[in-house]
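Novice: Predicted model follows, preceded by the sequence.
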Amino acid sequence: MKKFYTILTALLLAVTAFAQSGKELYNKYSDLDGVSAVYVSPAMFRMIGKIPDLDMESKNGESVNLTPIIKSLSGFYLLTADEPAVIEKLYAEVKRVVDNRKCELLFEAKEDGEITRLYSFGNGNTISSVILTSKEAEEFTYICLEGNMDREQLENILAEAAK
Amino acid sequence: MKSIQDIEKLNMADWDRIGADESIPVPEDLEVRLPRRRTAIVWSAAASVAVVAGIGLTALLHTPEPEDTFSDPYLAYAAVEQAFTRMGKTVSQSADILNQKESELDKVIYWK
């Protein structure tokens, strides 16, 4: 019986962790006052994928091709909160998601009171979520990209963008 | 050994007589067998609870699909591109901080 409860608890935890996706957070916070939100659906990503030459400009003005990574995306969630009460609540919840899912911290930058962190979640060569959080005194931004991204491809794009 | 048909024909008096007959040996592992049957019942009840809980959780955790912010794929792409630019900026900031610390460390090592 003890074994059964252990299995059931593990199952519940797994389901809860799975449920704490970008979509769940978006649904919870996007309609609140003091929150601006952007959502891009899988259907919209399929339409974006048909746009020729999906390029972005790197820091030194060079062109970075985003087509392969865009085609592997299935969801984009952006939440920006500027109400102190919502900031605290959203920040705590994002932290819990990142901790529960055991996301890997890729980069962290602290500058002029702003802390930006970049996390990834996935296995081996595939990344299923990239999460960016940026916390300032009066604003908190949460960006989540979901899909089936090739790790090497994503790392190359980020490295190119940073050049 | 009695057949099932013979057992079904037995009445209450027959059952009392058989129960009182001490010449019939009681299986040595009867006590071991009974708890096993109880365990099987508990497990099947627990499995039923798990199935019901699973169905309930699935229904509870089914999150509705949000509405697309943009109807124009170019605007949607612009938002995603901005996110990648921001991520690149984070990587760049981290690299700058690292370079700065490295050069500070080099100076310390040089003066030592």
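Specialist: Sure thing, it's come through.

Novice: and stretch B:5-21, C-alpha only, in CSV?
Specialist: The C-alpha coordinates for stretch B:5-21 follow below in CSV (Å, rounded to 0.1, in the frame of the first residue of the first chain):
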residue,chain,number,x,y,z
GLN,B,5,-22.0,-29.3,-8.9
ASP,B,6,-21.8,-31.4,-5.7
ILE,B,7,-20.7,-28.4,-3.6
GLU,B,8,-23.7,-26.4,-5.0
LYS,B,9,-26.1,-29.1,-3.8
LEU,B,10,-24.9,-28.8,-0.2
ASN,B,11,-27.4,-27.3,2.3
MET,B,12,-26.6,-25.4,5.6
ALA,B,13,-26.7,-28.6,7.7
ASP,B,14,-24.2,-30.2,5.4
TRP,B,15,-21.9,-27.1,5.7
ASP,B,16,-22.2,-27.3,9.6
ARG,B,17,-21.4,-31.0,9.5
ILE,B,18,-18.3,-30.5,7.3
GLY,B,19,-17.2,-27.6,9.4
ALA,B,20,-17.3,-29.7,12.6
ASP,B,21,-15.5,-32.6,11.0
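
Novice: Give the rounded mean pLDDT of it.
Specialist: Throughout stretch B:5-21, pLDDT has a mean value of 86.

Novice: Show me what that stretch is in contact with.
Specialist: Residues outside stretch B:5-21 that contact it (CB atoms under 8 Å, 6 or more residues apart in numbering or on different chains): residue B:24. To be clear about C-beta, it is placed using only N, CA and C from the backbone, and glycine gets the same treatment.

Novice: From the chain's centre, how far out is stretch A:107-127? Work that out for me.
Specialist: 9 Å (CA atoms, centre = their mean, to the nearest Å).

Novice: Before we move on, what's the pLDDT of the residue of chain A found nearest chain B?
Specialist: Closest approach of chain A to chain B (CB to the nearest CB) occurs at residue A:161, with a separation of 2.6 Å. Residue A:161 is assigned a pLDDT of 76 by the prediction.

Novice: same check, this time on residue A:8
Specialist: 58.

Novice: tell me the pLDDT at the residue positioned nearest the centre of chain A?
Specialist: By CA atoms, centre = their mean, chain A has its centre lying nearest to residue A:144, at 2.1 Å. Looking at residue A:144, its pLDDT is 96.

Novice: Likewise for residue A:17?
Specialist: 49.

Novice: Next up, the contacts around the residue nearest to the centre of chain A.
Specialist: Counted by CB under 8 Å, 6+ apart, residue A:144 has contacts A:21-22, A:25-26, A:75-78, A:129-132.

Novice: do that again at 10 Å, thanks
Specialist: A:21-23, A:25-26, A:75-79, A:94, A:97, A:119, A:121, A:129-133, B:83 (CB atoms under 10 Å, 6 or more residues apart in numbering or on different chains).

Novice: Assumed it was part of a strand.
Specialist: Yes - counting by DSSP: H, G, I helix; E, B strand; the rest coil, residue A:144 is found in a strand.

Novice: Once you drop chain neighbours, what's closest to it?
Specialist: residue A:22 (3.5 Å; CB to CB, 6 or more residues apart in numbering or on different chains).

Novice: Let me know whether that neighbour touches residue A:131 as I believe.
Specialist: Yes - Residue A:22 lies in contact with residue A:131 (CB atoms under 10 Å); the separation is 7.8 Å.

Novice: Poorly predicted segments of chain B, please.
Specialist: Residues of chain B meeting the criterion pLDDT under 70: B:1, B:31-37, B:59-61, B:107-112.

Novice: That one: helices as residue ranges?
Specialist: Assigned by DSSP state H, chain B shows helices spanning B:4-8, B:12-20, B:30-61, B:73-111.

Novice: got those as JSON lines, with distance to residue B:67 columns?
Specialist: Shown next, in JSON lines, are the helices of chain B (distance: least, CB to CB, whole Å):
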{"stretch": "helix B:4-8", "distance to residue B:67": "65"}
{"stretch": "helix B:12-20", "distance to residue B:67": "70"}
{"stretch": "helix B:30-61", "distance to residue B:67": "20"}
{"stretch": "helix B:73-111", "distance to residue B:67": "13"}
